[in-house]
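Peer 1: coordinates only, sequence not included:
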């Protein structure tokens, strides 16, 4: 099988259990791609260097980080630092992995979102100078070639802007969804610091275990905050032909197994 797993970069996520399990799975012949976030390291670097973290809310209710030129360079630094740490952790468990840098290896491309619409005090205003982007293309053949050598590709939340030749900040969940579709993955597993989609955000007992595209309006009703974006990524992966998408807890031992065996939200077409 081939699977895509995404681990968030916010505090509370734990890479070590995932790295241990990925090492065992790849040694057994499974093929995986790991996509990671970088928000925790980015926030830490911003604090150390006195850079204000700017969050904006879109008219559709999505919250995101504003990435100007200064923040773009810092986010790349954060992604490289966190990605390098993940590769080293995987190596500690015996897995050979490589961090894919879109600026040098050109495997992931994006279109820059220079202009953003933000809602403030009930009004919508235009903000320019943004350096985040939307993934437009993945070189599946190049990534597959890495996998065929027994190496685990590690993809950061970065993509190369074809016009500017620089790396842009992209959403890690949606990058994982795009990669799952491009590589014709059997499954996409999105790990975070919660069990999955819950009817009540602070009550794990209200976990929604299953859902399908025909029920999407009901599923979206229960999504709050960052879970809205994760559901968008799930829907995009299903639309791209991925058979199953799981949202699960990344803090447990064997988080992939935990997700696949049902302690998760499993979404299907």
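Peer 2: Received the coordinates, thanks. Please read all numbers here as calculations on a predicted model, not as lab measurements.
Peer 1: Residue ranges in the stretch 1-150 of the chain under the pLDDT threshold?
Peer 2: The model of the stretch 1-150 of the chain has no residue with pLDDT under 70.
Peer 1: The lengthiest helix in the chain packs against which elements?
Peer 2: Longest helix in the chain by number of residues (criterion: DSSP state H): helix 69-92. In terms of contacts (3 or more C-beta pairs under 8 Å, 6 or more residues apart in numbering; DSSP states H and E), helix 69-92 is packed against helix 15-27, strand 31-36, helix 39-49, strand 97-99, strand 152-155, strand 158-161, strand 167-169. C-beta here means a position set from N, CA and C on the backbone, and glycine is covered the same way.
Peer 1: Next, the angle strand 31-36 makes with that helix.
Peer 2: 140 degrees (axes from the mean of the first three to the mean of the last three C-alpha atoms, to 10 degrees).
Peer 1: Redo the helices and strands packed on helix 69-92 as a markdown table? Include mean neighbour count and distance to residue 106.
Peer 2: What follows is the helices and strands packed on helix 69-92, written out as a markdown table (neighbours: other C-beta atoms under 10 Å; distance: least, C-beta to C-beta, whole Å):
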| stretch | mean neighbour count | distance to residue 106 |
| --- | --- | --- |
| helix 15-27 | 20 | 25 |
| strand 31-36 | 24 | 17 |
| helix 39-49 | 16 | 23 |
| strand 97-99 | 19 | 14 |
| strand 152-155 | 24 | 13 |
| strand 158-161 | 24 | 6 |
| strand 167-169 | 27 | 10 |
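Peer 1: can you put the ones you listed in a markdown table and add distance to residue 78?
Peer 2: Listed next are those as a markdown table, based on distance: least, C-beta to C-beta, whole Å:
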| stretch | distance to residue 78 |
| --- | --- |
| helix 15-27 | 15 |
| strand 31-36 | 11 |
| helix 39-49 | 4 |
| strand 97-99 | 13 |
| strand 152-155 | 15 |
| strand 158-161 | 10 |
| strand 167-169 | 10 |
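Peer 1: wait, which of these is closest to residue 255?
Peer 2: Proximity to residue 255, assessed across the helices and strands packed on helix 69-92 by C-beta to C-beta, is greatest for helix 15-27 (5.4 Å).
Peer 1: Who are the packing partners of the closest one?
Peer 2: Packed next to helix 15-27, using 3+ C-beta pairs under 8 Å, 6+ apart, are strand 2-7, strand 31-36, helix 69-92, helix 255-260.
Peer 1: can you put those in CSV and add distance to residue 225?
Peer 2: Listed next are the helices and strands packed on helix 15-27 as CSV, based on distance: least, C-beta to C-beta, whole Å:
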stretch, distance to residue 225
strand 2-7, 17
strand 31-36, 20
helix 69-92, 21
helix 255-260, 21
